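Visitor: Following is a predicted model, sequence given first.
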Amino acid sequence: MIMTLAIVLSFLAGLMGANGIPHFVLGITAREYPNLTGNSPVRNAVGGVGAFVIAGLLTFWAQVGDHPLAAAGAAVVGVLVMSVFHARGGAYRLNARFGKPVPVK
């Protein structure tokens, strides 16, 4: 597989996997969290699982075994980008920008 495709898919897998964590964790602990499909705990839990499935599929399609170091590095960068996004309250800002209700932190 082309290394560029492995890098792009691994980066996206890192983004999706990291994005799934707060949605899943807060969903299964029955707390609201900003989500474009609705802030309810059930929607967040389902959205988190969906993000994990997408991350897994992207990892599979990236064929990380062909370029393991490049793929791992790209995935780490994706996780870092999404971590900073959530740490800076990005999900709350997105909900406000799209006119969705913003849950209390």
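Guide: Here it is on my side, so go on. Numbering: from 1, shown residues only.
Visitor: residue contacts, residue 16?
Guide: Under the criterion of C-beta atoms under 8 Å, 6 or more residues apart in numbering, the contact partners of residue 16 comprise 51-52, 54-55, 58, 78. From N, CA and C alone the C-beta is placed, and that goes for glycine too.
Visitor: can you pick the most crowded of those?
Guide: Each of these was scored for neighbours by other C-beta atoms under 10 Å, and residue 78 scores highest at 25 neighbours.
Visitor: Tell me if I'm right that residue 33 and residue 26 touch.
Guide: Yes: proximity of residue 33 to residue 26 meets the contact threshold set by C-beta atoms under 8 Å, at 4.1 Å.
Visitor: so of the contacts of residue 16, which ones are in helices?
Guide: When these are checked against helices (DSSP state H), the matches are 51-52, 54-55, 58, 78.
Visitor: Need the contacts of residue 16 in CSV (columns: distance to residue 103 and pLDDT).
Guide: Below are the contacts of residue 16 laid out as CSV (distance: C-beta to C-beta, whole Å; pLDDT from 0 to 100):
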residue, distance to residue 103, pLDDT
51, 18, 98
52, 22, 98
54, 23, 98
55, 24, 98
58, 28, 98
78, 25, 98
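Visitor: mind putting the ones in helices among the contacts of residue 16 in a markdown table, distance to residue 21 included?
Guide: Written out in a markdown table, the entries for these read as follows (distance: C-beta to C-beta, whole Å):
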| residue | distance to residue 21 |
| --- | --- |
| 51 | 8 |
| 52 | 9 |
| 54 | 13 |
| 55 | 10 |
| 58 | 16 |
| 78 | 13 |
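Visitor: These: which two are farthest apart?
Guide: The two members of these with the most space between them (C-beta to C-beta) are 52 and 78, at 13.9 Å.
Visitor: more neighbours, residue 33 and residue 26?
Guide: More crowded of residue 33 and residue 26, by other C-beta under 10 Å: residue 33, with 25 against 20.
Visitor: Now do the same for the more buried one: helix, strand or coil?
Guide: Following DSSP: H, G, I helix; E, B strand; the rest coil, residue 33 is assigned to coil.
Visitor: contacting residues for it?
Guide: Residues in contact with residue 33, defined by C-beta under 8 Å, 6+ apart, are 22-23, 26-27, 39, 44, 91, 103.
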